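Chemist: quick one: sequence plus predicted model below, questions after.
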Amino acid sequence: MKQTILTLSLLLIGAIFSQEVVSQLHEQKDTTSATTTATVIEQEQPASSVKENEPEPDIYEQHVQQDVLQAIAHIPQDQSSQKQKQKQKQKNIAIVGAGAGGSSAAYHLKKFAGDNVNITIFEQNDHVGGRSTTLELDGRSIELGASIFVKDNTILFQALDEFNLSTTADHDDKDGHGDINDDDDDGGLGIWNGTGFEYIAFKKCKIPYAGMIKFLFHFGARGVFKTEKIRRNAVKDLRMFYDDEVNFPFEDVQFSELLLSHVNETGGELLDSVPVSSQYKSFIQAALRGTYAQTLDQIHGLGTLVGLSTSGASSVYGGNFRVFEKWIEFADADLKLSTSVKSISKLNDGKYDVTYKTGSAGTESKDEFDYVVIAAPLSQANITINNVTVAKEYYETEYVPLWVTVFKSKNRLSDSAYFNNKETPQTVLASGSNSPFNSIFEVYYNETTSEYIYKVHSLSPLEPGFIYGVFGETSYKFEQKWLAYPYLKPTDGKLIKFQLEVGS
């Protein structure tokens, strides 16, 4: 729990987007296809034959590859393979956003469509990765945003193998990198309610399984096990986005009654139905404030269950953004950094004009594309969309403001006047919604300077008095504000489609 968990829904941008971006091109009838938190504006295409003599891919890859080639290749069946290649016409695709969704879209389009696509990526920031950025401090890379991903994020783990990327766990903690300190094995975890600790667990226990026994006894074994069973079933349904050929391609997640039931209730309502003890409910709320910066009466049940899915957490050595950089490199995309998209206009022939501006002093330019993928929050993108009717729901998504603050201090949290408890562990999660912080944890210990490096997540800037009360004297402070996560509010049972427009 030493990291802010990158939400599974966000990580599934890689998984869901991997299937959907390419399947969006498969528009041969009046039906629409979509399955990503990014949105797609597209032009319909007639069906065509599939290339022959391709190496036999796995079932999923074969399915997606056929969809892409049918939608893009336009190869008459009676031509030779040589003429087919000459007759192919590249489709120009614009992707707005170079974060997880945009880079994943570019990678999978290139993987399945090959030379049939020409990809341009517009990114308003000067770097790839969106919220996945790092702070270089004392020779170490500290994740400031999307800190980790978990085992169920299959596509991200596949990227590690494909691009020969290592994780922080693959390197010694003292080699100058990493975002999790395992040297302080007795650091443990504490749940703070605003006035005192509700629960303190330490990693080191002389008696085998003593920590687990204490946990189950304190929180109630029956409620813990029942919640875990519900969580496993929900994650199993989410994984259908990876390999479900019956429902593929996905317009939304409404085909899953289980997932729908969980997004129609709050996390608190879900736990009350289990039921769980008040102590375990408070523990889960503390975990959610550390992962999604939301409380049980705000977040829906699915977000609650996903927020508990932290098994096999990993991070990339040198920064998680390296995965997204590799995806874009693989796609051979024209990456336009520090470039903001001003407008997207649908043309009479079904294509789209994208007007953009590079830098604050740059002039506006315009390019034409066959398809446009919006892999950025419309509520924040400030993009004018012309000649396309976009439902207001796409613009109404609110995001949680989150402050990430990094400190250096020679003091342990057990020395803190604020907590006033000599048993205070080096990781503290706050369960109370009125707490000035969501989580505090030690990132690592610098033996050269004898300083602890801490990271704090909070819903507002930290006051000087609080900082001194917790850390004492500090020699360094860095603050980053994010609009980090969408408020995962319960829905009325209807989920908006992933696809904005079907071209004419």
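Modeler: The structure has been received and is ready for your questions.

Chemist: now do the buried residues in the helix or strand where Gln279 lies.
Modeler: Assigned by DSSP states H and E, Gln279 belongs to helix 278-291. Residues of helix 278-291 classed as buried by neighbour count (16 or more other Cβ atoms under 10 Å): 279-291. All C-beta spots, glycine's among them, are computed from the backbone N, C-alpha and C.

Chemist: what sits up against the next helix or strand after that helix?
Modeler: Counting by DSSP H and E, the next helix or strand C-terminal to helix 278-291 is helix 301-307. Outside helix 301-307, the residues within contact range by Cβ atoms under 8 Å, 6 or more residues apart in numbering are 5, 7-9, 230-231, 234-235, 238, 259, 261-267, 269-271, 284, 287-288, 291-292, 294, 296, 299, 488, 490.

Chemist: now the angle from the lengthiest strand in the chain to helix 278-291?
Modeler: The residue-count maximum for a strand in the chain (DSSP state E) belongs to strand 474-486. Between the axes of strand 474-486 and helix 278-291, defined by axes from the mean of the first three to the mean of the last three Cα atoms, to 10 degrees, the angle is 100 degrees.

Chemist: in strand 474-486, what's buried?
Modeler: 474, 482, 484-486.

Chemist: same deal with stretch 134-141?
Modeler: In stretch 134-141, counting by 16+ other Cβ under 10 Å, buried: 134-135, 137, 140-141.

Chemist: average model confidence for that stretch?
Modeler: The average of the pLDDT scores along stretch 134-141 is 94.

Chemist: and it, how far apart are its ends?
Modeler: Using Cα to Cα, to the nearest Å, one end of stretch 134-141 lies 6 Å from the other.

Chemist: so what touches that stretch?
Modeler: With Cβ under 8 Å, 6+ apart as the test, stretch 134-141 has contacts from 142-144, 176-179, 317-319, 321, 406, 443-444, 446, 448-449, 453, 476, 478, 480.

Chemist: ok so, going back, can you dump the C-alpha atoms of the helix holding Gln279 in PDB for me?
Modeler: Written as PDB, here are the backbone C-alpha positions of helix 278-291 (Å, rounded to 0.1, in the frame of the first residue of the first chain):
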ATOM      1  CA  SER A 278     -17.400  -1.200  10.700                       C
ATOM      2  CA  GLN A 279     -13.700  -1.700  11.200                       C
ATOM      3  CA  TYR A 280     -13.200  -3.300   7.800                       C
ATOM      4  CA  LYS A 281     -15.400  -0.700   6.200                       C
ATOM      5  CA  SER A 282     -13.100   2.000   7.600                       C
ATOM      6  CA  PHE A 283     -10.000   0.100   6.400                       C
ATOM      7  CA  ILE A 284     -11.400  -0.100   2.900                       C
ATOM      8  CA  GLN A 285     -12.300   3.600   3.000                       C
ATOM      9  CA  ALA A 286      -8.700   4.400   3.900                       C
ATOM     10  CA  ALA A 287      -7.500   2.200   1.000                       C
ATOM     11  CA  LEU A 288      -9.800   4.000  -1.400                       C
ATOM     12  CA  ARG A 289      -8.700   7.400  -0.200                       C
ATOM     13  CA  GLY A 290      -5.200   6.300  -1.100                       C
ATOM     14  CA  THR A 291      -6.100   4.800  -4.500                       C
END
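
Chemist: quick one, strands of the stretch 201-350 of the chain?
Modeler: 334-336, 339-346 (DSSP state E, counting those that start in this stretch).

Chemist: would you turn those into a markdown table with mean pLDDT and distance to Thr168?
Modeler: Converted to a markdown table, the strands of the stretch 201-350 of the chain look like this (pLDDT from 0 to 100; distance: least, Cβ to Cβ, whole Å):
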| stretch | mean pLDDT | distance to Thr168 |
| --- | --- | --- |
| strand 334-336 | 98 | 26 |
| strand 339-346 | 97 | 32 |
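
Chemist: give me the domain ranges for this structure.
Modeler: 8-129+321-395, 181-211+399-486 (automatic domain parsing).

Chemist: worst mean pLDDT among the ones you listed?
Modeler: domain 8-129+321-395 (a mean of 73).

Chemist: could you count how many residues lie near Glu257?
Modeler: 9 (other Cβ atoms under 10 Å).
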